[in-house]
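# Output the structure for:
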Amino acid sequence: MRTDKPSSGWSARLRPWRFPLVCAALYAGAFLLDPEKTLRALRVCGTIFLQLGLPMCAALAMMVLLNRFLSPSLASRLMGREAGPGGLVLSALAGIVSMGPIYAWYPLFTTLKDKGASAFNIANFMCCRSVKPVLVPVLVGYFGWRFTGLFLLLTLAGALLSAVCVGLARPFGDGGA
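Take a look at the predicted model:
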């Protein structure tokens, strides 16, 4: 039978650092075997870290600000069941201008849900993320205005349909759907 007792030695202090230390040791070993490939791999890792770091920090900052300044009653008023068309527009615009990987936003969605945002508006936010204003000129350049306009219109209609389906399913129960 195992008893868990708190350890206060070096092993307890190093526990959170095990994975980074093992990675560093593996990179050191790889550097000894092939320095050029290892440096290339480190550059790729650095690029990925920078690409993920900015959106993660932005989502963290937004969560801190939301927790500090957004009361449950305000969240419910802006993105709750009774928000109406304003909540739809707000969640759509927020989704369109959001950046970074979707999983960086999950903690923010949980915070919004806990503060009273509806499943409909959260789903709308998630679906509207596929529209990126920065890429519209690229779409127009490759495919023309007609295709781009139709594509964006159908994408937003699909986002709305998905949000309606999620809202009707009431995944947060009666209080948050």
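
# What helix or strand is Gly29 located in?
Using DSSP states H and E, Gly29 maps to helix 18-33.

# counting contacts, what elements does that helix pack onto?
helix 35-69 (3 or more Cβ pairs under 8 Å, 6 or more residues apart in numbering; DSSP states H and E). To be clear about C-beta, it is placed using only N, CA and C from the backbone, and glycine gets the same treatment.

# distance of Lys113 from Phe143?
Separation of Lys113 from Phe143 (Cβ to Cβ, to the nearest Å): 37 Å.

# Look at these two and report which has more neighbours.
Lys113 (18 against 12; other Cβ atoms under 10 Å).

# Spatially central residue in the chain, please.
The residue lying closest to the centre of the chain (Cα atoms, centre = their mean) is Trp105, at 2.3 Å.

# and whichever strand or helix holds Ser91, what does it pack onto?
Using DSSP H and E, Ser91 maps to helix 85-97. Using 3+ Cβ pairs under 8 Å, 6+ apart, the elements in contact with helix 85-97 are helix 72-79, helix 119-128, helix 136-169.

# Let's see that with 7 Å instead.
Packing contacts for helix 85-97, counted by 3 or more Cβ pairs under 7 Å, 6 or more residues apart in numbering; DSSP states H and E, involve helix 72-79, helix 119-128.

# contacting residues around that helix?
Applying Cβ atoms under 7 Å, 6 or more residues apart in numbering, the external contacts of helix 85-97 come out as 78-80, 121, 124-129, 131, 133.

# Which of the helices and strands in this structure ranks last by mean pLDDT?
Least confident helix or strand, the chain: helix 72-79 with a mean of 72, by mean pLDDT, DSSP states H and E.

# Got a quick ChimeraX command for the buried subset of the contacts of helix 85-97?
To isolate the buried ones among the contacts of helix 85-97 in ChimeraX, judged by 16 or more other Cβ atoms under 10 Å, type:
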select :78,79,80,121,124,125,126,127,128,129,131
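
# For stretch 147-167, buried residues please.
Buried-residue list, stretch 147-167, by 16+ other Cβ under 10 Å: 148, 152, 156, 159-160, 162-163, 166-167.

# do stretch 29-42 as well
Of all the residues in stretch 29-42, those buried under the rule 16+ other Cβ under 10 Å are Thr38.

# That stretch: how far from the chain's middle?
Here the centre of stretch 29-42 is set off from its chain's centre by 32 Å, with Cα atoms, centre = their mean, to the nearest Å.

# Look at that stretch and report the distance between its end residues.
Using Cα to Cα, to the nearest Å, one end of stretch 29-42 lies 13 Å from the other.

# List of residues touching that stretch?
Contact with stretch 29-42 is made by Tyr27, as judged by Cβ under 7 Å, 6+ apart.
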